[in-house]
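S.K.: quick one: sequence plus predicted model below, questions after.
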Amino acid sequence: MTAAHSPIALEQMLCFDLYSANHAFGRLYKPLLDPLGLTYPQYLVMVSLWTEDGLSVGEIGRKLGLESNTLTPLLKRLEASGLLTRSRDGVDERRVIVRLTREGSKLAERAHDVPRCVADAAGLTVEDIAELQDTLRRICRNIAASQD
């Protein structure tokens, strides 16, 4: 096959670099989260609640980009672990409000060093991280806009 007709090389594909980075982060987070008894998606839910307790299931789903059918079983497992509670909103019965338990709140202390460990392993400065996040968020916005 000639160069003009050859498929694009993996090294030239941005999506492959993002895919590889995602897997690298998964490998990095696992030993950090295992002692906490959390998977990465569960950790994201907990971080959302540590930042703002009392979110609805819909609000958590929007923040994390997760559908209800993915989020609900995850929340049920966290509830069974005693880290959060789910209850119907008194004003709007359709809404389910998620709140941390005392144990769930205390877990934040044990998880405190996770972001630092991740940043250290990535070998990036705070400025590098902020720039990369801006770029990734711009990519996501542009892709979403291109699908409208």
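M.R.: It's in.

S.K.: other residues contacting the host helix or strand of residue 136?
M.R.: If you go by DSSP states H and E, residue 136 is part of helix 126-146. Contacts with helix 126-146, where a contact means CB atoms under 8 Å, 6 or more residues apart in numbering, come from 119, 122, 124. Heads up, the C-betas are built off the backbone N, CA and C, glycines and all.

S.K.: ok, the most centrally placed residue in the chain to residue 38 distance?
M.R.: In the chain, the residue lying closest to the centroid (CA atoms, centre = their mean) is residue 44, at 4.2 Å. Distance from residue 44 to residue 38, counting by CB to CB, to the nearest Å: 9 Å.

S.K.: can you check residue 126 too?
M.R.: Applying CB to CB to residue 126 and residue 38 gives a distance of 25 Å.

S.K.: out of these two, which sits in the busier spot?
M.R.: residue 38 (24 against 8; other CB atoms under 10 Å).
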